[in-house]
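1. Coordinates for the following, if possible.
(2 chains)
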Number of protein chains: 2
Amino acid sequence: MVTFVHPPVEALELHHVLAALADPVRLQIVQELHKAGGGLNCTTAASPFCQVPKSTLSGHFRALRESGLVMTTKRGVENINVLRFDDIEARFPGLLPKVLEHAPSPA
Amino acid sequence: MVTFVHPPVEALELHHVLAALADPVRLQIVQELHKAGGGLNCTTAASPFCQVPKSTLSGHFRALRESGLVMTTKRGVENINVLRFDDIEARFPGLLPKVLEHAPSPA
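-> Here you go, the predicted model:
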């Protein structure tokens, strides 16, 4: 049984969030999750990256989760990911909208 | 003769800037440079990190320079560093002020 660990809002660190966002693939996953609003499974959230190995994508989702940007839950055999937009806003107001504003448009 | 290479404004990439800011030491150097307004030599800009090896600090300044956050010029035997605040603002309006707003206060 896999248990996902998510840092609480008060433990979120700016440099962890910035590091998680400082990768083009992860930034685009965050854009997809933000656009979707609700939860997406890893495959859908990462659909623009079908050429990226699954293990690499899995590492990206772990980095997003550990920084506090993403919450992952099990639903059957799927991992469902949700952007923790409100939590990031609560800790660093205005930061994530500003990064999303300047993120390159997906190809 | 050392020549420093600085990316032009139009070549600045969001993920490079975020990666450069995603380190506590570099973030604090950026805070020091922002506070100073004018140029600071490496020693002054990095004065809160007297315990960090010089070679490590030198790597941090290079990362800041290569991302476009800092401009370095030679003045005699010193390297003078200036935060490229206006350049970053021109390319990613509001991003750097938002990061600085949420950066931890220096100890």
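
2. CA atoms for contacts and neighbours, from now on please.
-> Fine.

3. Residue A:33: neighbour count?
-> For residue A:33, the tally of surrounding residues (other Cα atoms under 10 Å in any protein chain shown) stands at 23.

4. Nearest residue to it in space, ignoring adjacent ones along the chain?
-> Nearest residue to residue A:33 in three dimensions, chain neighbours excluded: residue A:83, at 5.8 Å (Cα to Cα, 6 or more residues apart in numbering or on different chains).

5. tell me, how many neighbours does the one you found end up with?
-> Counted with other Cα under 10 Å, the neighbours of residue A:83 add up to 26.

6. Tell me who's in contact with it.
-> A:30, A:33, A:34, A:37, A:39, A:69, A:70, A:71 (Cα atoms under 8 Å, 6 or more residues apart in numbering or on different chains).

7. For it, give me the pLDDT.
-> Residue A:83 carries a pLDDT score of 97 in this model.

8. Give the bridge partners for it, please.
-> residue A:70 (DSSP bridges).

9. The spatially closest residue to residue A:22 that is not a sequence neighbour sits in which helix or strand?
-> The shortest distance from residue A:22 to any non-neighbouring residue, by Cα to Cα, 6+ apart, is to residue B:15 (4.4 Å). Assigned by DSSP states H and E, residue B:15 falls within helix B:14-21.

10. and that helix, average pLDDT?
-> pLDDT averaged over helix B:14-21 gives 98.

11. number of nearby residues for the residue nearest to residue A:22?
-> Residue B:15 has 23 neighbouring residues, counting by other Cα under 10 Å.

12. got the contact list for it?
-> A:21, A:22, A:23, A:24.

13. for the helix or strand containing residue A:88, which positions count as buried?
-> Remark: residue A:88 resides in helix A:85-91, with elements defined by DSSP H and E. For helix A:85-91, the neighbour count (16 or more other Cα atoms under 10 Å in any protein chain shown) marks A:85, A:87, A:88, A:91 as buried.

14. Next: stretch A:67-81.
-> Those would be A:67, A:68, A:69, A:70, A:71, A:72, A:73, A:79, A:80, A:81, for stretch A:67-81 by 16+ other Cα under 10 Å.
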